[in-house]
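>>> I need the structure of the sequence given here:
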Amino acid sequence: MATIRSRFYLSIAALAASPVFAQSLSAPVAGFIFDSPTQSLRAVNGFPGSATLGPPLLNDVEFGSPAPHQKYALAFRSGHALVANLGGTAATTVAISGVFGRPEDARWSEDGTHVTIFSRSAGWIQTISGMPHTPHANSHVNLSALEGSLTTIAVDKPGKQIAIAMSGTSGGVYLNTQTQHFVPLAKMANPIALSFSDDGTIVYALDGATDRLSAIRVSDWTARSFPLSGLHHPFDLRMGQDATHGQLVYVISHGDKMLAIYAATTEKLVEKIHLGFDPTGLGELGASSFVIASRVKPADPLWLFTTVPHPAVYFVPAPVSGKGAD
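Next up is the predicted model:
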């Protein structure tokens with residue numbers, strides 16, 4: 001069934017690339033992205049299967065991270081941190097002082113008021129609160145006290161708890177809160193992906209050394225783990241919900257170009273969706289959609305995954321010449 005839905009969305013997306021269809025389309029903004037080939041922030045306009053990329057709203061962006069479900073983003077231009085308001089035809093910006101350095105990635109709170117930026121190569125994290133109207137950069141946290149190398153982080157919905165993944169012979173998962181740093185949650189050789197449960201009581205951690213998923217309870221550090229059977233080299237995960245299974249775990253794998261959905265309570269596989277491309281991760285876009293393959297070259301499409309009304313994959317065509325393409 002997933003294959004049928006994917007083909008349906010692909011055919012509609014191909015139609016959406018035509019100028020006539022694009023001109024007749026009048027649809028809401030599905031979300032915003034940082035578009036690497038054009039070094040710009042831009043909107044994804046329309047519905048699954050008929051979406052298009054809007055023109056650049058802010059150019060010359062070295063790093064950008066739009067707040068999910070919001071109309072603003074964190075952006076870096078010429079080494080300076082900015083809040084970019086994306087609600088108009090062109091972005092307006094406000095400078096943020098006190099930011100330690102240019103990050104390599106970012107994680108947002110659910111309401112978009114907190115964003116935690118981090119650098120894997122330099123080993124630090126920093127939270128910016130009060131977004132977007134009164135941004136305040138909190139003190140940066142150096143992770144050199146932890147053994148290993150930073151691989152990723154996750155934040156809970158309020159943005160108050162931060163899970164930190166460190167790989168190495170003494171690697172593991174740590175918890176950083178507003179009152180306590182570096183609480184050890186679990187030992188793990190190569191934690192490569194993290195995500196909090198909706199209520200913030202459990203951290204889900206993917207161990208790249210064993211391809212197992214662990215559910216670590218924050219209150220007492222107890223954990224259970226299960227193998228991701230049938231997946232080769234899973235590398236990213238996010239949480240979700242549906243009425244039938246409750247809490248879901250979305251796991252993406254590049255070894256077999258697969259997206260798998262598991263029920264968190266039963267640890268059972270719900271569905272597998274075969275991909276015809278190399279995924280880059282699971283990045284939040286809208287209330288029920290994720291970016292699963294970012295654009296790398298100007299001719300590349302943007303690949304998205306939606307959970308509503310049913311799990312399905314679709315692509316957004318690359319901008320045509322003269323419409324924001326390189």
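>>> got the end-to-end distance for stretch 169-189?
Counting by Cα to Cα, to the nearest Å, you get 6 Å between the two ends of stretch 169-189.
>>> buried ones in that stretch?
The neighbour-count criterion (16 or more other Cβ atoms under 10 Å) identifies 171, 172, 173, 174, 175, 176, 185, 186, 188 as the buried residues of stretch 169-189. Placement of C-beta: from N, CA and C, glycine included.
>>> all strands of the stretch 151-300 of the chain, in order?
With DSSP state E, counting those that start in this stretch as the criterion, the stretch 151-300 of the chain has strands at 162-167, 172-176, 183-187, 191-196, 202-207, 212-217, 223-227, 234-242, 246-253, 258-263, 269-274, 283-286, 289-293.
>>> so residue 129 touches residue 155, yeah?
No. Under the contact definition of Cβ atoms under 8 Å, residue 129 does not touch residue 155, with a separation of 11.7 Å.
>>> neighbour count winner among these two?
Ranked by neighbour count (other Cβ atoms under 10 Å), residue 129 and residue 155 place residue 155 first, with 25 against 16.
>>> identify the bridge partners of the more buried one.
Going by DSSP bridges, residue 155 is paired in beta bridges with residue 162.
>>> next one: residue 34
With beta bridges defined as DSSP bridges, residue 34 has these partners: residue 41.
>>> tally of neighbours for it?
By other Cβ under 10 Å, 24 other residues sit near residue 34.
>>> what pLDDT does the model give it?
According to the per-residue confidence, residue 34 scores 98 in pLDDT.
>>> contact partners for residue 289?
By Cβ atoms under 8 Å, 6 or more residues apart in numbering, the contact set of residue 289 is 30, 31, 48, 304, 305, 306, 307.
>>> mind redoing it with 6 Å?
Applying Cβ atoms under 6 Å, 6 or more residues apart in numbering, we find residue 289 in contact with 304, 306.
>>> any weak-confidence spans in the stretch 101-250 of the chain?
Along the stretch 101-250 of the chain, no part satisfies pLDDT under 70.
>>> for stretch 312-322, buried residues please.
312, 313, 314, 315, 316, 317, 318, 319.
>>> stretch 76-90 too?
Residues of stretch 76-90 classed as buried by neighbour count (16+ other Cβ under 10 Å): 76, 77, 81, 82, 83, 84, 85, 86.
>>> of those residues, closest to residue 97?
If you rank these by distance to residue 97 using Cβ to Cβ, residue 81 comes first, at 8.1 Å.
>>> pLDDT value on the closest one, please?
98.
>>> same check on residue 5?
The model reports residue 5 with a pLDDT of 45.
>>> same question for residue 21.
Each residue has a pLDDT score; the one for residue 21 is 36.
>>> now swap in the one 5 residues further on and tell me
The pLDDT attached to residue 26 in the predicted structure is 50.
>>> follow-up on the earlier one: can you flag which of the buried residues of stretch 312-322 belong to strands?
Taking DSSP state E, the ones among the buried residues of stretch 312-322 that sit in strands are 312, 313, 314, 315, 316.
>>> farthest pair within these?
Using Cβ to Cβ, those span at most 13.7 Å, a distance reached by 312 and 316.
>>> could you pull out the helices for the stretch 1-150 of the chain?
In order along the chain, the stretch 1-150 of the chain carries the following helices (DSSP state H, counting those that start in this stretch): 2-16, 19-24.
>>> just to revisit the earlier point, for residue 54, which of the strands of the stretch 151-300 of the chain is the nearest?
strand 283-286 (13.5 Å).
>>> closest to the centroid, which residue in this structure?
Among the residues of the chain, the smallest C-alpha distance to the mean C-alpha position (Cα atoms, centre = their mean) belongs to residue 283, namely 2.1 Å.
>>> if we ignore the residues flanking it in sequence, what's nearest that residue?
Taking Cβ to Cβ, 6 or more residues apart in numbering as the measure, residue 283 lies nearest to residue 291, with 4.2 Å between them; neighbours along the chain are not counted.
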